[in-house]
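Novice: quick one, fold the following:
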Amino acid sequence: MSRLEPLLKDLDAAFAEFEESISGLTHQQMLERWFGEWCTYDICSHIIGWHHEMDDALERISRGERPVPEGVNYDDADAQNAKFIETWVQSSGAAVLEELPRSKVLFVEAAKQVPDERFEEGKTAYRILIGTGTEHYREHAAAIREWREKKGS
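Specialist: Model prediction:
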């Protein structure tokens, strides 16, 4: 079994947990600002943005390049997140929800192009897959479930 296979199984399970956390929310609930200044659509837009950003990083790794292009810096996550949300702010909620699983598919496809040894714990590709994917989905799913419990929805 490759190193990537169990990581992708866990990633898929975590993504399903995230999808379950938003399942049944109405459009109005998805627009409610409760996560700081963010609504649930913003959280989805943020995940989409990181998927696209990191599928590019994984593609670069698969070509033997640095994951981050020269001159790009992800240290200011707030600025990146704002950019991702701005990208989708004028889109319909339906468009955001359609893009979410599509962006995950592209993220996974990019990961599958990376040599298996790059998914050893501590390596960059491993950190991208876990940090942008598995842990990220679970972090937001937990926050959404907590918010829903407080609201009683």
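Novice: against Ser153, how distant is Asp56?
Specialist: Computed as C-beta to C-beta, to the nearest Å, the Asp56 to Ser153 distance reads 36 Å. All C-beta spots, glycine's among them, are computed from the backbone N, C-alpha and C.
Novice: quick check: phi and psi at Trp38.
Specialist: Geometry field for Trp38 lists phi and psi as phi -90, psi 150, criterion degrees, to the nearest 10.
Novice: just give me the neighbour total for it.
Specialist: For Trp38, the neighbour count with other C-beta atoms under 10 Å is 18.
Novice: residues contacting His27?
Specialist: If a contact means C-beta atoms under 8 Å, 6 or more residues apart in numbering, then His27 has Gly93 as its contacts.
Novice: could you redo the last one with a cut-off of 10 Å?
Specialist: 41, 92-94, 97 (C-beta atoms under 10 Å, 6 or more residues apart in numbering).
Novice: next one: Leu129
Specialist: 4, 7-8, 10-11, 54, 58, 107-108, 110-111, 114, 118-119, 123, 135.
Novice: list only buried entries from those.
Specialist: Buried subset of the contacts of Leu129 (neighbour count, 16 or more other C-beta atoms under 10 Å): 4, 7-8, 10-11, 54, 58, 107-108, 110-111, 114, 118-119.
Novice: nearest to Asp76, of these?
Specialist: Set against Asp76, the nearest of the buried ones among the contacts of Leu129 by C-beta to C-beta is Met54 (16.1 Å).
Novice: would you mind measuring from the closest one to Arg102?
Specialist: Following C-beta to C-beta, the distance that separates Met54 from Arg102 is 15 Å.
Novice: could you do His52 as well?
Specialist: 10 Å.
Novice: the two: who's more crowded?
Specialist: Between His52 and Arg102, counted using other C-beta under 10 Å, His52 has the larger neighbour count: 17 against 12.
Novice: which pLDDT does the model give that one?
Specialist: According to the prediction, His52 has pLDDT 96.
Novice: same question, Arg63
Specialist: Looking at Arg63, its pLDDT stands at 96.
Novice: longest single helix anywhere in the chain?
Specialist: helix 40-62 (DSSP state H).
Novice: what's the first helix or strand after it?
Specialist: Later in the chain than helix 40-62, the nearest helix or strand by DSSP states H and E is helix 77-88.
Novice: if anything else comes up later, I'll come back, but that's it for now.
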